[in-house]
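>>> what's the 3D shape of this:
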Amino acid sequence: MDKLKKVLSGQDAEDRGGLSEVVEASSLSWGTRIKGFIACFATGILCSLLGTLLLWVPKKGLVLFAVFYTFGNIASLGSTIFLMGPMKQLKRMFEPTRLIATIVMLLCLVLTLCSAFWWHNKGLALLFCILQSLAMTWYSLSFIPFARDAVKKCFTACLA
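Got it, this is the predicted structure:
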């Protein structure tokens, strides 16, 4: 468990400098981090589900769906900040193995809101939400060793 705490909080292979000691002294306890992660992730799931239900509201359903679904995905993504810290999260998001998934995910978040607010196009909003989910899944799989390779092999076997 201690090894997991060190890896998730970014303490595993880092050099201990004066700045990291200051940051660590003011950081949250492990229990508080877990509670924050669970609360933020649950809020994200709840918002995404609420957005899906609000899609069927006449006239304003698309805007409500886009806002709640996108906010839910942002909250779910942000929940890992409690585990790793904001700077480590940003560094890991833009590592070469996750760069494309991160860019596609962030772009789809923005395009979902654009399609709802400015373009008023339900089809595009739904398409970008689906792409959001796929990009978020691909991004999440990058944290599990060999998960992306397993998914690629699975799809290759299914399509062959």
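
>>> enumerate every residue touching F37.
Each residue near F37 by Cβ atoms under 8 Å, 6 or more residues apart in numbering is listed here: S79, T80, F82, L83. In this view, the C-beta of every residue, glycine as well, is placed from N, C-alpha and C.

>>> my read: T97 touches S142, true?
Yes - under the contact definition of Cβ atoms under 8 Å, T97 touches S142, with a separation of 5.5 Å.

>>> which one of the two has more residues nearby?
Of the pair T97 and S142, S142 is the one with more neighbours under other Cβ atoms under 10 Å, namely 19 against 11.

>>> for that one, grab phi and psi.
When read as degrees, to the nearest 10, the backbone of S142 gives phi -70, psi -20.

>>> and the gap between it and M136?
Using Cβ to Cβ, to the nearest Å, S142 is found at 11 Å from M136.

>>> repeat that for K91.
According to Cβ to Cβ, K91 stands 19 Å off from M136.

>>> neighbour count winner among the two?
Neighbour tally, K91 and M136, criterion other Cβ under 10 Å: the higher count belongs to M136, 19 against 12.

>>> okay, and that one sits in which element?
helix 122-141 (DSSP states H and E).

>>> which other helices and strands does that helix contact?
Judged by 3 or more Cβ pairs under 8 Å, 6 or more residues apart in numbering; DSSP states H and E, the packing partners of helix 122-141 are helix 61-78, helix 99-117, helix 147-159.

>>> in the second one, what counts as buried?
By neighbour count, and taking 16 or more other Cβ atoms under 10 Å as the criterion, the buried residues in helix 99-117 are A101, T102, V104, M105, L106, C108, L109, L111, T112, L113, S115, A116.

>>> from these, which is closest to V63?
V63 has its nearest neighbour among those in A116, at 5.0 Å by Cβ to Cβ.

>>> show the contacting residues for that closest one.
Per Cβ under 8 Å, 6+ apart, neighbours of A116: L62, V63, F65, A66, V67, A125.

>>> show me the shaky parts of this protein.
Residue ranges of the chain with pLDDT under 70: 1-26.
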